[in-house]
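[1] Below are the sequence and a predicted model; questions follow.
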Amino acid sequence: MPAAALPEASTILCIFLIFLVPFAIAGLALINTGLGRSHSAAHTMLASLCIFAVAFGVYFICGFAWQGYIGMPAHTLMVSGKPWNWLGAQPFFLRGVELGGSTNSLAACLQMLSVAVAALIPLGAGIDRWRLSAICASTALLAGWTYPLFAHWVWGGGWLAQLGVNYGLGHGFVDAGGAGSIQVLGGLTALSIAWILGPRKGKFSQEGMPNAIPGHNAVLVLLGCLLALMGWLGLNSAGALLFAGGTPGGTVLIAINTILAAASAGLAAALITRSQFGRPDVSLTANGWVSGLVASSAVCAFVAPAAAVLIGLVGGALTTLSVEWFEMRTGVDDPGGAISVHGVSGLWGLLAVALFAHVPAGFLNVAGGPQGQGYGESGQWLAQIVGIATLLGFVFPLTYGLNRALDLICRHRVAPEGERQGLDLYELGAGAYPEFVTHTDEFTQR
Amino acid sequence: MKLVGFFLLLAGWVIVLAALAVIGSGVPLAAFVLSGTGVEILGLVLVIRAHMVRHGDVG
């Protein structure tokens, strides 16, 4: 049964909201660039552009064919008499989609941008040492296989979405804005990349103590946060319209919740770092801000504003503590904080659905079920746990294994000489700031 | 240790899937899903510890 067409007002609003999503891509690109070193700034921005292009292209070729949308053709297994929808069965190159404002075409358009957001996340963990060709190859794997597979299970009417219909687990796995499909998937890939690459030269002493390598431009980072907010308004609202039966009026609540979550998470991070270091830390506060956006993604359409504040506060605090834990305790060098911001906070957002969300009774994210029938809240927490278990138990080994195998063919880490020179000079032949002069005389204390 | 960790991650997920397929509903389903998730957490701890041993090699 094909998904119902959106009303005209919803379609127009949805198109506008989808056009906001590139701001999230721009925001993440600026944040990653600002948190890296100046001698790799042009490389990070160019890598962001290449990630966008490769992800968009690969997803156009085969990604959406495997992801599909609710009601579109899919491969289904019968397990104990229940249908498990596990992979989309569309023709490649979007040939099965009517590109004229149909619901399918809107979903395809939103997903082509969403996959770029997901693919951009691992760059935050690989700044200053990840080769451009390896970045493009890793992006192709994510956009062509990992992302479409999991996104189909959640948004394409797949077996996670069917948990409600098949097993009575609430409404099935609920993730309207992509806290799991985009953010956690990107965060787990970021962890894989950080492990495969290893830490930057000089990041850890021989005794294993971390050295601070501050980002080169705090202004870029904070501007990126503001742009990311605009992008997330589009991601969360368009996702709710297309994947959670949202209405144009409902986007007001989504916008308020998204902003409240980001603001409270940013403030939580600022307060925690102030209590730890005596002053608020810019990069951690920025990370906190984005973590609020991430945590809001799954749940913002289904909670009251007060709950969004609480979700943001917890998300910001978790991220701030998690960044420190990964660096101090596990020896992971994640310059952009991608693992904590997107992975940890995204997992919190998915759990928050179980704790705080009141999903409308008629909400159904699969086709062919008894439309309009009331679905209870009972079992929703279990559906969320099954989704999280799938991310950790299947997606994480898959993305780690794929990137590990890729490392054997196309080495991820740049040569030591490239790291010493900076990736701008080594891989691009020119720096981002060619007119910068290193002053010695006038700034030296006499 | 790393391979064992990833094996436990996958094994935990298989337990969750098997619980859905075989048990279907009720308290036993929740118990098995939580058990599978527990196995995954054990696997995650092992994988993280395996990478901590290598920590400092490159830095």
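    Good, I have the coordinates.
[2] what about residue 26, neighbour count?
    Chain wasn't specified; assuming chain A. Neighbourhood size, residue A:26 [other CB atoms under 10 Å in any protein chain shown]: 18. Where you see a C-beta, it was placed from the backbone N, CA and C, and this is true even at glycine.
[3] The chain in question should be chain B.
    11.
[4] now do residue B:25
    Residues near residue B:25, counting by other CB under 10 Å: 14.
[5] what's the answer for residue B:45, then?
    Residue B:45, neighbours per other CB under 10 Å, totals 12.
[6] Now it: closest residue in space that isn't a chain neighbour?
    residue B:5 (7.5 Å; CB to CB, 6 or more residues apart in numbering or on different chains).
[7] residues contacting that neighbour?
    With contacts defined as CB atoms under 8 Å, 6 or more residues apart in numbering or on different chains, residue B:5 is in contact with B:43-50.
[8] Mind putting the residues you listed into a markdown table with secondary structure, distance to residue A:231 and pLDDT?
    Output for the contacts of residue B:5, formatted as a markdown table (DSSP: H, G, I helix; E, B strand; the rest coil; distance: CB to CB, whole Å; pLDDT from 0 to 100):
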| residue | secondary structure | distance to residue A:231 | pLDDT |
| --- | --- | --- | --- |
| B:43 | helix | 34 | 97 |
| B:44 | helix | 30 | 97 |
| B:45 | helix | 34 | 96 |
| B:46 | helix | 36 | 96 |
| B:47 | helix | 32 | 96 |
| B:48 | helix | 31 | 94 |
| B:49 | helix | 36 | 93 |
| B:50 | helix | 36 | 92 |
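[9] Model confidence score at residue A:363, please.
    Per-residue confidence (pLDDT) for residue A:363: 69.
[10] can you check the one 4 residues further on too?
    The predicted local distance difference test score for residue A:367 is 57.
[11] What sits closest to the residue most central in space within chain B if chain neighbours are left out?
    Geometric centre of chain B, nearest residue: residue B:40, 1.5 Å, by CA atoms, centre = their mean. In this structure, residue B:40 finds its nearest non-sequential neighbour in residue B:12, 3.4 Å apart by CB to CB, 6+ apart.
[12] So the one you found sits against residue B:43, correct?
    Yes. Between residue B:12 and residue B:43 there is a contact under CB atoms under 8 Å: 6.2 Å.
[13] what residues do these two have in common as contacts?
    Shared contacts of residue B:12 and residue B:43, counting by CB under 8 Å, 6+ apart, come down to residue A:393.
[14] re earlier: please list only the buried members of the contacts of residue B:5.
    B:43-44, B:46-48, B:50 (16 or more other CB atoms under 10 Å in any protein chain shown).
[15] What are the contacting residues of the helix or strand where residue A:10 lies?
    In this assignment (DSSP states H and E), residue A:10 forms part of helix A:8-20. By CB under 8 Å, 6+ apart, the residues outside helix A:8-20 that reach it are A:6, A:101, A:106, A:109-110, A:113, A:230-231, A:233-235, A:237-238, A:241-242, A:247-248, A:251.
[16] C-terminal to that helix, what's the next element?
    Next along the chain from helix A:8-20, counting by DSSP H and E, comes helix A:22-35.
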